[in-house]
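need a structure here:
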Amino acid sequence: MKLLRLEFYKCRRRKIVLVCAAVLAVELIWMGVFLTRQDAENLQQGWMLLLYNLTIVDAIVLPLSVATLASRNCELEHKGNTWKLLETMVPAGRLYKAKLCWGALVLAMLLLIRAGLFLVVGVYNQFPGPIPWRQMGLFTFVSWAVSMMVYALQQGLSLWFVNQAAALVCGILGSFLGILSMLFPAWLKRCEPWGYYGLLSFVGMDWEPATGATRFYWLWPQAADAALLVVWAALFLAAGRTLFVKKEV
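Below is the predicted model of the structure:
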């Protein structure tokens, strides 16, 4: 707990709150503009329409956002060249774990606030039907789980490379592949980590070419895909921790 508190203390001037606020602002503006362009028929599917498009926004916004958070948390020690000092007091494995827990808490707070904001958006727009609490809660959890898998990758890169450009370029690539993967078949989405934002979606869509009408429907991610997400996360965690522990300081 002391190491975790230290991580929050070190990041107090790293503008983490500003980064999170920017993420929320981008998603709110994006979805606000999108909803204003929908006709009454589409808004009748409001909650499913909202979650379907939030999945797309997540695939674009969250990979780079996660990369930025991991970089902001890890670059301070690189700049101050304090790894040797820290590792004389605490094992490298515990430092890695503390930084990972920091990321998990920050992402959890970010996505919980995001869920609350979009619940307000749905109520404000008078989406028909009851609030889908279960789907909204599971959607938020899955967004956090996929983001944590990506965070494990990004933290490993940020800890290994002194120049944080490498980690940020990976985040930019992730945002590009995240949205591109929405067009991929399911088997191809499983082969790249950022595709899991779309692969584990809770809403599907049918489009009628003749009329241009769209129909949304609830669906449940496959258990095998959730298991693959855990495998990806375990691989990134094991690789990142091993490289960090063995790194020369």
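
going forward, measure contacts between C-alpha atoms and count neighbours the same way
Noted.

for this protein, which segments count as helices?
Assigned by DSSP state H, the chain shows helices spanning 2-10, 16-36, 40-43, 46-80, 83-89, 92-124, 133-160, 165-180, 186-189, 196-199, 223-246.

need the winner for burial among those helices.
Most buried of the helices of the chain, by mean neighbour count (mean count of other Cα atoms under 10 Å): helix 196-199, with a mean of 27.

packing partners of that one?
helix 46-80, helix 133-160, helix 186-189 (3 or more Cα pairs under 8 Å, 6 or more residues apart in numbering; DSSP states H and E).

before we move on, back to that, out of the helices of the chain, nearest to residue 213?
Between residue 213 and the helices of the chain, the tightest spacing by Cα to Cα is seen for helix 40-43, at 8.8 Å.

average pLDDT for that closest one?
The average pLDDT for helix 40-43 rounds to 80.

need the helices of the chain in JSON lines with distance to residue 216, can you?
Compiled in JSON lines, the helices of the chain are given as follows (distance: least, Cα to Cα, whole Å):
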{"stretch": "helix 2-10", "distance to residue 216": "41"}
{"stretch": "helix 16-36", "distance to residue 216": "15"}
{"stretch": "helix 40-43", "distance to residue 216": "9"}
{"stretch": "helix 46-80", "distance to residue 216": "6"}
{"stretch": "helix 83-89", "distance to residue 216": "51"}
{"stretch": "helix 92-124", "distance to residue 216": "16"}
{"stretch": "helix 133-160", "distance to residue 216": "14"}
{"stretch": "helix 165-180", "distance to residue 216": "19"}
{"stretch": "helix 186-189", "distance to residue 216": "18"}
{"stretch": "helix 196-199", "distance to residue 216": "15"}
{"stretch": "helix 223-246", "distance to residue 216": "21"}
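
okay if I get the helices and strands packed on helix 196-199 as a markdown table plus distance to residue 224 and mean pLDDT?
What follows is the helices and strands packed on helix 196-199, written out as a markdown table (distance: least, Cα to Cα, whole Å; pLDDT from 0 to 100):
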| stretch | distance to residue 224 | mean pLDDT |
| --- | --- | --- |
| helix 46-80 | 19 | 92 |
| helix 133-160 | 14 | 96 |
| helix 186-189 | 12 | 89 |
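
between the ones you listed, which one is closest to residue 111.
Nearest to residue 111 among the helices and strands packed on helix 196-199 is helix 133-160; the distance by Cα to Cα comes to 6.3 Å.
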